[in-house]
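Peer 1: Show me the folded form of this:
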Amino acid sequence: MTKLSVNINKIATLRNARGGNVPNLLKMAEDIQKFGAQGITIHPRPDERHIRYQDAYDLKSIVTSEYNIEGNPMDNFTKMVLEIKPTQVTLVPDAVDAITSNAGWDTVKHKDYLKEIISEFKNNGIRTSIFVDPTLKMIEGAAETGTDRIELYTEEFADQYALGNKDAIKPYTECAVLASQLGLGINAGHDLSLDNIQFFKENIPNLLEVSIGHALISEALYDGIEKVIAGYLQRLK
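Peer 2: Presented below is the predicted three-dimensional model:
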């Protein structure tokens, strides 16, 4: 079964909008795991507009499933990850002012940089994953960095699937096949939802984990968090 890691950034966004501690981020993380999710993902950014760096530390004792911290490996981020030692760090090349992640790594251009930072994380017992676009060249480049996994950037698939273009899955399938051949684990995330997750799962061989936040939390506003998580788990079997 593909694991579901729930990105709780949007919970932090709601909390920060009013100040105080409502909704309670740590309680939500506990409940999300209780309802069956196999992981918690956070993506702190330098301006701390949703997840704060302190949240990352506070969650360490709360997350009893897999703990995935995403972000651009700048100095403060790297220091935090090395101190917390989550299950997995996912490296994302997002700009400081990016609203959300909007591109994967150029694993050819940045190979040496990625090799250095990935080596440091792996030497500290942290599984590494890097965010990549669904192009074969980037998958090949990722394999040369020493990363344990890749995370396929799925926005293009989600956009095209919503338009009825199911052929948009093809480059993702091809990349997943190549990644498996090269010994890379396969994660995926960005705009995956209850509408498209089952089709995606059925067409991506060896899909280990999906990280879903915005869509899941939005759907939960209508259906309730427990029901939504149960829906994802059923579709991911």
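Peer 1: contact partners of stretch 168-188?
Peer 2: Taking Cβ atoms under 8 Å, 6 or more residues apart in numbering as the criterion, the residues outside stretch 168-188 that touch it are 90, 129, 132, 134-136, 139-140, 142-143, 147-152, 154, 156-157, 159-161, 199-200, 203-211. Glycine gets a C-beta too; all of them are placed from N, C-alpha and C.
Peer 1: tell me the contacts of residue 58?
Peer 2: Listed by Cβ under 8 Å, 6+ apart, the contact set of residue 58 reads 25, 26.
Peer 1: after the helix or strand in which it is found, next one along is what?
Peer 2: When secondary structure is defined by DSSP states H and E, residue 58 falls within helix 53-59. Per DSSP H and E, helix 53-59 leads on to strand 66-71 as the next helix or strand towards the C-terminus.
Peer 1: so what strands line up beside that next one?
Peer 2: Strand 66-71 has its sheet partners listed here by DSSP bridges as strand 39-42 (parallel), strand 88-91 (parallel).
Peer 1: any residues touching that strand, and which ones?
Peer 2: Outside strand 66-71, the residues within contact range by Cβ under 8 Å, 6+ apart are 3, 5, 7, 38-45, 56, 59-60, 77, 80-81, 84, 86-92, 94, 101, 129, 131, 209, 211.
Peer 1: quick one, phi/psi of residue 131?
Peer 2: Recorded main-chain torsions at residue 131 are phi -80, psi 120, according to degrees, to the nearest 10.
Peer 1: ok, it touching residue 105?
Peer 2: Yes - here residue 131 lies in contact with residue 105, judged by Cβ atoms under 8 Å, at a distance of 6.2 Å.
Peer 1: what touches both of the two?
Peer 2: 91, 93.
Peer 1: chain center to the helix holding residue 58: distance?
Peer 2: If you compare the mean C-alpha spot of helix 53-59 with that of the full chain, they lie 17 Å apart, counting by Cα atoms, centre = their mean, to the nearest Å.
Peer 1: Would you mind listing the buried residues in it?
Peer 2: By neighbour count on 16 or more other Cβ atoms under 10 Å, the buried set for helix 53-59 is 53, 55, 56, 59.
Peer 1: List the residues that contact the third one.
Peer 2: So the one you mean is residue 56. 42, 44, 69, 80, 84.
Peer 1: Return the backbone torsion pair for the last one.
Peer 2: Here the main-chain torsion angles of residue 84 (degrees, to the nearest 10) amount to phi -80, psi -40.
Peer 1: list the contacts for it?
Peer 2: Counting by Cβ under 8 Å, 6+ apart, residue 84 has contacts 56, 57, 60, 67, 69.
Peer 1: Could you check how far it is from residue 31?
Peer 2: Distance of residue 84 to residue 31, computed by Cβ to Cβ, to the nearest Å: 21 Å.
Peer 1: just the third one next, same as before
Peer 2: Residue 69 sits 20 Å away from residue 31, going by Cβ to Cβ.
Peer 1: Those two - which one has more neighbours?
Peer 2: Summary of the neighbour comparison: residue 69 and residue 31, criterion other Cβ atoms under 10 Å, with residue 69 having more neighbours (24 against 14).
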